[in-house]
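J.: Here is a sequence with its predicted model. Questions after.
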Amino acid sequence: MAHNIARWTARIGGIPPKLTVAATIARRLFAIPGRLVNRSGRPTLRLPARWPWADTFTAALHRIPNLPQRC
């Protein structure tokens, strides 16, 4: 089940096909080397400046909430 969730998240998030191996997704995107901070009452995710997969992660993060909702 975890494998299916990882693949589904990768597909919806627009992660490139070369990264769709579940172990690779887990290592590069699910194990985030960042921290969650509270800025004026709003949670903010702070990522390292030189994290090589920051662009892939933020693109997926911004794309997921914009998906059409189904009832």
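T.: Alright, I've got the coordinates.
J.: Can you say which helix or strand has I32 in it?
T.: For I32, there is no host helix or strand (DSSP states H and E).
J.: correct me, but it touches P48?
T.: No. Here I32 does not reach P48: they are 9.5 Å apart, not a contact under Cβ atoms under 8 Å. For the C-beta atoms, the positions are set from N, CA and C on the backbone; glycine is no exception.
J.: Excluding chain neighbours, what is closest to the residue nearest the centre of the chain?
T.: The centre of the chain sits closest to F57, judged by Cα atoms, centre = their mean, with a distance of 4.3 Å. Spatially, and ignoring its direct neighbours in sequence, F57 is nearest to L29 (5.5 Å; Cβ to Cβ, 6 or more residues apart in numbering).
J.: hmm, who's touching the longest helix along the chain?
T.: Counting by DSSP state H, the longest helix found in the chain is helix 2-13. If you take Cβ atoms under 8 Å, 6 or more residues apart in numbering as the criterion, helix 2-13 is touched by 15, 19-20, 22, 25-26, 30, 59-61, 63-64, 67.
J.: Of those residues, which is the most crowded?
T.: I15 (23 neighbours; other Cβ atoms under 10 Å).
J.: contacting residues for that residue?
T.: Counted by Cβ under 8 Å, 6+ apart, I15 has contacts T9, I25, L29, T56, A60.
J.: show me where pLDDT drops low in this structure?
T.: 13, 16-20, 71 (pLDDT under 70).
J.: Would you map the helices across this protein?
T.: 2-13, 22-25, 54-63.
J.: For the second one, enumerate the helices and strands it packs against.
T.: Under the contact criterion of 3 or more Cβ pairs under 8 Å, 6 or more residues apart in numbering; DSSP states H and E, the helices and strands touching helix 22-25 comprise helix 2-13.
J.: The helices of the chain: which one's closest to P43?
T.: In terms of Cβ to Cβ, the element of the helices of the chain nearest to P43 is helix 54-63, at 12.8 Å.
J.: Nothing else from me, thank you.
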